[in-house]
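Engineer: output the structure for:
(2 chains)
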Amino acid sequence: MATTVQTGTAVHQAERYGNSRVSESLFRFLLYGAVVLGGIVFAIPFYWMMRTSVMPTTQVYLFPPEWWPERFEWHHFKTPFAVFPFAKFFLNSTFIAAGSAIGAALSSSVVGFSFARLRFPLRDIMFVVVLATMILPEHVRLVPTYLLFVELDWIGTYRPLIIPNWFAPAFYVFLMRQFFMTIPRELDDSAMIDGCNPIGLFWRIHLPLSLPALGVVLIFMVTAQWNDFLYPLIYIQGVPNYTVALGLRLFEGHMTNNMQALMAASILGVLPTIILFFFAQRHFVQGIVVSGVKG
Amino acid sequence: MASISETQTQKGLASLFGRDGKPMKPSTREAWYGYLLASPWIIGFIVFTVGPMLASLVIGMYRTDFLTETTFVGFRWYQNVLSDSLVRKALINTAIFSFTVVPINTALALLIAVMLNQGIRLQSFWRTVYYLPSVVSGVAVSLLWKWLYQPDIGLLNSVLGPLLRPFDIDPPRWIFSTEWALPSLIIMAFWGAGGAMLIYLAGLRGIPTSLYEAAEIDGASSFRRFFAVTLPLLTPTIFFNVVLNIIGSWQVFTQAMVMTRGGPNNATLTMVLHIYNTGFQNFYFGYASAQAWFLFVIVLIFVILALRSASSWVHYERV
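Structural biologist: Numbers count the residues shown, from 1 in each chain, chains lettered A, B, ... in the order given. Alright, predicted model coming up:
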């Protein structure tokens, strides 16, 4: 878990509302009430998903709905694997996510380094273009890139989903560049006195130092690819090649009367991103701060 | 190009790059490395961005399924876009979605961030609770909400039903009713407010306490302090998020595709869903391209409007 930085703000705010004891405690009471209530509202959909996944069939379709399962039936988590090659779907999604993330991390760090540290004509204009493409609605490229992949005979492979991410996606270039800007230039000087060229400088100094930022790129890309639906829908053919997202939708069509199995499959589908979040929470938060606050 | 002081450091550094004694000018050498290392982006930009965008314009002038038929139709698709009632429906739906989700989500995210920043106990726990829904998205979440919206045995109506019964009102049938289907997708989007909340929370922490102290010495009330100190200092962050949210909200697709398939009666037909249907379901790729350009121009207009408005409300002085 990320450590809570006890800023002056917190202490200060206590005295800020501390004009009188009564209004202070009333404020605290309302504040905690709102935080807890809002937290419950935000958490309930997850609870409902879990509660549904373990309920007996006789209970799940009751009216009015019941909140607590009368007994826990874990076998619904096996159903997805019995009906479709769900394990294969997980493997496929993992392959696409990992392939994209590694490519995005490598390419955007190289490009980010170039924009942050090397001087060359048109560099600043190019960086403005990078920023501009960040705010480009990507669907304007949907049809022509499809045509391109048809021409390359890539339809039905994972290449259309992975390869474009090997060419430094704008958002990650921005993220890496912002990170490299924070590395002190004195390090560059000493490395070059030792006889590094820019590639050596990147490889020996900047890359090792930028592991946290690379982690952010990896996490963001994995999450984005894991959750993606439109591009797999367009490019993937044949059920054995499906990603988890496609598999879930296919599964839904076959499980209209088995809500427990569908919710169990959905839980399994979101579990990797949630696990990733808990393991890398610090990076998540950091990445969001770098990309959002300093933007 | 580099200023004088920069040029000097550049010379100092770049001369070291030329250690192997080649007669190449040091700055040229650095520039070559620059282009070399930036080349993944340059190539990707040409192959996957500029090229396709221009190609899209051209494809929009053909009636083509990419297989059997390719007929030049000039600007017919582009004219069609403006008179097509389905496109208009999709445009209105997406506009309603964007114009409700962006402001409400921004306000909600700010509210939660400010609440969590009041020095409450277990702050990182609550932060996780509010943030987690925005980590998960896509098909699984759409399936979950479809189940929550189930009119008879879904969670929402099992809570709403008893509350509305005294007033003799039936709870809405959510995604199965033409009036409530789009609001259903909008309400669902609020669940993802945690992403922006996290950014605002980080922004709030960056505001120096000295400013609050100064405001307090001036006798500003807590509300006044929020609107005179906190909010102005957060505006650059808010602005950046609002722009990204505008773009994201205009591209809403997965929910509409998985939960309602655009229905009932096109009540949730969104622009990207309609582009998908036109191109990848009905194989009018030319028309899909023309629609995509139409969407692109519309989003561009709103982004430009947002950028234009920035000078009047975004506070750019950094402390």
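Engineer: so is stretch A:95-110 next to chain B?
Structural biologist: Yes. Taking Cβ under 8 Å from any Cβ of the partner chain as the criterion, stretch A:95-110 and chain B are in contact, through A:107, A:108, A:110. For every residue, glycine as well, the C-beta is placed using N, CA and C.
Engineer: just the buried positions in that stretch, please.
Structural biologist: Buried residues in stretch A:95-110, defined by neighbour count with 16 or more other Cβ atoms under 10 Å in any protein chain shown: A:96-97, A:99-110.
Engineer: likewise for stretch A:46-57?
Structural biologist: A:46, A:48, A:49, A:51, A:52, A:53, A:54, A:55.
Engineer: where does the chain dip in pLDDT?
Structural biologist: Let's take chain A. When residues are selected by pLDDT under 70, those of chain A lie in A:1-20, A:284, A:286-295.
Engineer: I was after chain B.
Structural biologist: B:1-26, B:316-319.
Engineer: distance check, the most centrally placed residue in it against residue B:197.
Structural biologist: Nearest to the mean C-alpha position of chain B, by Cα atoms, centre = their mean, lies residue B:248 at 2.4 Å. Distance, residue B:248 to residue B:197, using Cβ to Cβ, to the nearest Å: 15 Å.
Engineer: cool, residue A:259 as well?
Structural biologist: For residue A:259 relative to residue B:197 (Cβ to Cβ), the value is 31 Å.
Engineer: equivalent analysis for residue B:112, please.
Structural biologist: 5 Å.
Engineer: ditto for residue B:185
Structural biologist: With Cβ to Cβ as the criterion, residue B:185 and residue B:197 are 20 Å apart.
Engineer: near chain B at all, stretch A:122-139?
Structural biologist: Yes. Against chain B, stretch A:122-139 shows contacts by Cβ under 8 Å from any Cβ at A:123, A:126, A:129, A:130, A:133, A:135, A:136, A:137, A:138, A:139.
Engineer: can you add neighbour count and secondary structure and give these back as JSON lines?
Structural biologist: As requested, the residues of stretch A:122-139 next to chain B are arranged in JSON lines below (neighbours: other Cβ atoms under 10 Å in any protein chain shown; DSSP: H, G, I helix; E, B strand; the rest coil):
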{"residue": "A:123", "neighbour count": "19", "secondary structure": "helix"}
{"residue": "A:126", "neighbour count": "20", "secondary structure": "helix"}
{"residue": "A:129", "neighbour count": "17", "secondary structure": "helix"}
{"residue": "A:130", "neighbour count": "23", "secondary structure": "helix"}
{"residue": "A:133", "neighbour count": "20", "secondary structure": "helix"}
{"residue": "A:135", "neighbour count": "16", "secondary structure": "coil"}
{"residue": "A:136", "neighbour count": "17", "secondary structure": "coil"}
{"residue": "A:137", "neighbour count": "22", "secondary structure": "coil"}
{"residue": "A:138", "neighbour count": "18", "secondary structure": "helix"}
{"residue": "A:139", "neighbour count": "23", "secondary structure": "helix"}
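Engineer: returning to that earlier point: sort out for me which of the residues of stretch A:95-110 next to chain B are in helices.
Structural biologist: Counting by DSSP state H, the residues of stretch A:95-110 next to chain B place A:107, A:108, A:110 in helices.
Engineer: nearest to residue A:36, of these?
Structural biologist: Nearest to residue A:36, judged by Cβ to Cβ, of those is residue A:108 at 40.2 Å.
Engineer: got the contact list for the closest one?
Structural biologist: A:168, A:169, A:172, A:173, A:175, A:176, A:217, B:41 (Cβ atoms under 8 Å, 6 or more residues apart in numbering or on different chains).
Engineer: how near is the first one to chain B?
Structural biologist: With distances defined as Cβ to the nearest Cβ, to the nearest Å, the gap from residue A:168 to chain B amounts to 4 Å.
Engineer: isn't that residue right next to residue B:40, touching?
Structural biologist: Yes. Residue A:168 lies in contact with residue B:40 (Cβ atoms under 8 Å); the separation is 4.5 Å.
Engineer: who's more crowded, the two?
Structural biologist: residue A:168 (30 against 20; other Cβ atoms under 10 Å in any protein chain shown).
Engineer: A helix includes the more buried one, no?
Structural biologist: No. Counting by DSSP: H, G, I helix; E, B strand; the rest coil, residue A:168 is not part of a helix but coil.
Engineer: can you give me the strands in chain B?
Structural biologist: B:62-64, B:70-72 (DSSP state E).
Engineer: looking at those strands, which is nearest to chain A?
Structural biologist: Among the strands of chain B, the nearest to chain A by Cβ to the nearest Cβ is strand B:62-64 (9.0 Å).
Engineer: how many other residues sit next to the residue nearest to residue B:251 when sequence neighbours are not counted?
Structural biologist: The shortest distance from residue B:251 to any non-neighbouring residue, by Cβ to Cβ, 6 or more residues apart in numbering or on different chains, is to residue B:272 (5.3 Å). If you count neighbours by other Cβ under 10 Å, residue B:272 ends up with 24.
Engineer: can you pull the contacts of residue 269?
Structural biologist: This is for chain A. Residue A:269 neighbours (Cβ under 8 Å, 6+ apart): A:244, A:245, A:248, B:138, B:139, B:140.
Engineer: wait, chain B was what I had in mind.
Structural biologist: B:86, B:89, B:90, B:93, B:256, B:262, B:263.
Engineer: show me which pair in these is furthest apart.
Structural biologist: B:86 and B:256 (13.7 Å).
Engineer: who's more crowded, these two?
Structural biologist: residue B:256 (29 against 14).
Engineer: gap between that one and residue B:249?
Structural biologist: Relative to residue B:249, and taking Cβ to Cβ, residue B:256 is found at 12 Å.
Engineer: residue of chain B closest to chain A, please.
Structural biologist: Closest point on chain B to chain A, by Cβ to the nearest Cβ, is residue B:44, at 2.5 Å.
Engineer: keep the buried residues of stretch A:46-57, but drop any that are not near chain B.
Structural biologist: Within the buried residues of stretch A:46-57, those near chain B by Cβ under 8 Å from any Cβ are A:46, A:48, A:49, A:52.
Engineer: how about TSV for the residues you listed, with distance to residue B:29 and secondary structure added?
Structural biologist: Output for those, formatted as TSV (distance: Cβ to Cβ, whole Å; DSSP: H, G, I helix; E, B strand; the rest coil):
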residue	distance to residue B:29	secondary structure
A:46	56	helix
A:48	62	helix
A:49	58	helix
A:52	63	helix
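Engineer: returning to that earlier point: what's the farthest-apart pair in the contacts of residue A:108?
Structural biologist: Of all pairs in these, the most separated under Cβ to Cβ is A:217 and B:41 at 13.9 Å.
Engineer: how would you label the nearest residue to residue A:69 once chain neighbours are set aside: helix, strand or coil?
Structural biologist: Distance criterion Cβ to Cβ, 6+ apart; nearest residue to residue A:69, sequence neighbours excluded, is residue A:55 at 4.5 Å. At residue A:55 the chain is in coil, as set by three-state DSSP.
Engineer: correct me if wrong: residue A:55 contacts residue A:74.
Structural biologist: No. Checked against Cβ under 8 Å, the pair residue A:55 and residue A:74 is beyond contact range at 11.2 Å.
Engineer: domain-wise, how is the chain divided?
Structural biologist: You didn't say which chain, so I picked chain A. A:8-53, A:79-293 (automatic domain parsing).
Engineer: oops, wrong one, chain B.
Structural biologist: According to automatic domain parsing, the ranges for chain B are B:4-59, B:77-313.
Engineer: just name the most buried of these.
Structural biologist: domain B:77-313 (a mean of 19; mean count of other Cβ atoms under 10 Å in any protein chain shown).
Engineer: end to end on that one, go ahead and measure it.
Structural biologist: Length of domain B:77-313, first residue to last, Cα to Cα, to the nearest Å: 39 Å.
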